[in-house]
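Enquirer: Dropping the sequence and predicted coords here.
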Amino acid sequence: MPISTLPRGAVRPRDRQDVLRDTRNRKMARSAHAYVRGNTVRFYEWLDSLAVHTLPEGPAIWICGDCHVGNLGPIGNAEGDIEVQIRDMDQTVIGNPAHDLIRLGLSLATAARGSDLPGVTTARMIEALMEGYIHALGASTASRRKRLDKPDTVHVVMRQAVKRSWKHLARERIENTRPTIPLGKRFWPLRADERRALARLFEDEAMRHLVTHLRSRDDDAQVELLDCAYWVKGCSSLGRLRYAALLGLHGGNGDGDLYCMIDVKEAVQAAAPRYPRVRMPRDNGQRVVEGARHLAPFLGERMVATRFLDHGVFVRELLPQDLKLEIDTLKQSEAMRVAYFLAETVGKAHARQMDTDTARAWQQELKRQRSKTLAAPFWLWTSIVELMSSHERGYLEHCRQYALGALE
């Protein structure tokens, strides 16, 4: 399609960065909760400002690094099972698990504030968060695999995930079930070198195996790149390389699963604090994939790291079951159950990396420093209060600057 006849909303490659910057600013101005999700740097700057030993030093494990509510949700695996797991690993590092707890607590507290819930509800949510996380640390491996008592908000998303098929994914992502990606607001045209590089990428054997190893697909199926586009997705990652690729499978076993959609995303240096003197992959794409395999096996087994146009990227197939939790508002009756469930989910991701003694020691550390009025560590509560104040100021300032900039 000639550039001069681009559909409404599509953007020329040379104009991408300006439009993406404006899109990110607009998304972050929607609400304080959206600002918290999109401004991870402010959280890391706060961590960097803390005096030594302000926070407990947990065991050296892979952490999400950006553990807010929107980065958890249902994920499907190669065998067709579905679990709620961490679903975004851009900032994953081997670091302090306390950072994930604080980030999740901040996200929940911001959602509670945006839902006009009383402050005492936020305090009870932080207690529930700690209770759920500690329960996961103390549970046996077998009990961690059991289905958790999901709050209604999560049940709704899980039911949607179970019922979804390729047609749902196609309608949601590409608006039709034909083997094309329609350009518009979400998908933009590529430069010629990007299109050629994507064609070469999917000629690689590792990419073919990424697609064919899912259940009911023939290992000998041929993979063909049908269409591709630049993908406008996310918030904090807007501006990085991001591509959607539509692949066709030929010579399979004829079960109707003929197409699949692939996400190719640039991996950049993590801003999340890592523990010193720990060994992690130097390549950022490999770091993301390794972190995913430890924290969210359902996702990690469906990812491959590679190089693309001299950038580290990670590649994954999108499954219809992959959904994120949308909890911008909270009902008071659900608030504690949501906090407990999500913290238990994160606790499971952390605990599977610890032996029994390490998990028990970390569990005992988290039970210390509790006050008579709050069944959660004092450092966790004060951290969330400080961050709420800092992000509220930052959000209002962002809105002022964005609004004035839009008028110029």
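Expert: Arrived safely, thanks for sending.

Enquirer: Tell me the secondary structure at the spatially most central residue of the chain.
Expert: A centroid search over the chain (C-alpha atoms, centre = their mean) returns residue 88, at 2.3 Å, as the residue closest to the centre. Assigned by DSSP: H, G, I helix; E, B strand; the rest coil, the conformation of residue 88 is coil.

Enquirer: isn't residue 362 right up against residue 57?
Expert: No: applying C-beta atoms under 8 Å, one finds residue 362 not in contact with residue 57, separated by 9.9 Å. Heads up, the C-betas are built off the backbone N, CA and C, glycines and all.

Enquirer: Pretty sure residue 27 sits against residue 235.
Expert: Yes: counting by C-beta under 8 Å, residue 27 does reach residue 235; the two are 4.8 Å apart.

Enquirer: Mutual contacts of the two, please.
Expert: Contact criterion C-beta atoms under 8 Å, 6 or more residues apart in numbering; residues shared by residue 27 and residue 235: 34, 38.

Enquirer: How much space separates residue 43 from residue 123?
Expert: 21 Å (C-beta to C-beta, to the nearest Å).

Enquirer: and if you look at residue 100?
Expert: In terms of C-beta to C-beta, residue 100 sits 20 Å off from residue 123.

Enquirer: So those two - more neighbours on which side?
Expert: Using other C-beta atoms under 10 Å, the more surrounded residue of residue 100 and residue 123 is residue 100, with 27 against 18.

Enquirer: you'd agree that one is in a helix?
Expert: Yes: membership of residue 100 in a helix is supported by three-state DSSP.

Enquirer: Name all residues that make contact with it.
Expert: Contacts of residue 100 by C-beta under 8 Å, 6+ apart are 63-65, 67, 346, 350.

Enquirer: hang on, the earlier thing: ok, and the closest non-adjacent residue to the residue nearest to the centre of the chain?
Expert: In space, and not counting its chain neighbours, residue 88 is closest to residue 71: 4.0 Å by C-beta to C-beta, 6 or more residues apart in numbering.

Enquirer: quick one: the one you found from residue 263, how far?
Expert: Here residue 71 is placed at a distance of 15 Å from residue 263 (C-beta to C-beta).

Enquirer: neighbour-wise, which of those two wins?
Expert: Just comparing residue 71 and residue 263: by other C-beta under 10 Å the higher neighbour count belongs to residue 71, 22 against 19.

Enquirer: Quick check: phi and psi on that one?
Expert: Main-chain torsions, residue 71, degrees, to the nearest 10: phi -100, psi 20.

Enquirer: residues near residue 205, how many?
Expert: Residue 205, neighbours per other C-beta under 10 Å, totals 8.

Enquirer: quick one: buried residues of stretch 352-369?
Expert: 352-354, 358-359, 362-363, 366 (16 or more other C-beta atoms under 10 Å).

Enquirer: can you check stretch 126-142 too?
Expert: So stretch 126-142, judged by 16+ other C-beta under 10 Å, has buried residues 126-137, 139.

Enquirer: from memory the residue nearest to the centre of the chain sits against residue 66, does it?
Expert: Yes: at 6.5 Å, residue 88 counts as touching residue 66 under the criterion of C-beta under 8 Å.

Enquirer: Which helix runs longest in this protein?
Expert: In the chain, with assignment by DSSP state H, the single longest helix is helix 378-407.

Enquirer: helices and strands around that one, which ones?
Expert: Contacts defined by 3 or more C-beta pairs under 8 Å, 6 or more residues apart in numbering; DSSP states H and E place helix 378-407 against helix 16-28, helix 32-38, helix 40-49, helix 97-114, helix 119-138.

Enquirer: what's the neighbour count on the closest residue to residue 327 other than its chain neighbours?
Expert: Excluding the flanking residues, the one nearest residue 327 by C-beta to C-beta, 6+ apart is residue 69, at 5.0 Å. Neighbour count for residue 69, taken as other C-beta under 10 Å: 25.

Enquirer: Can you name the residues in contact with stretch 363-371?
Expert: So stretch 363-371 is in contact with 56, 58, 130, 133-134, 137-138, 376-379, going by C-beta under 8 Å, 6+ apart.

Enquirer: So for these, which is the shakiest by pLDDT?
Expert: Summarising pLDDT for the contacts of stretch 363-371: the lowest-scoring member is residue 138, with 89.

Enquirer: List the contacts of that residue.
Expert: By C-beta under 8 Å, 6+ apart, the contact list for residue 138 reads 359-360, 363.

Enquirer: how does it look with 6 Å?
Expert: residue 363 (C-beta atoms under 6 Å, 6 or more residues apart in numbering).

Enquirer: Least confident secondary structure element in this structure?
Expert: In the chain, the helix or strand scored least confidently by mean pLDDT, DSSP states H and E is helix 141-144, which has a mean of 51.

Enquirer: In this structure, where is pLDDT below threshold?
Expert: 1-5, 139-149, 152-178, 214-219, 251-257, 328, 403-408 (pLDDT under 70).

Enquirer: 50 instead?
Expert: 144, 147, 254, 407-408 (pLDDT under 50).
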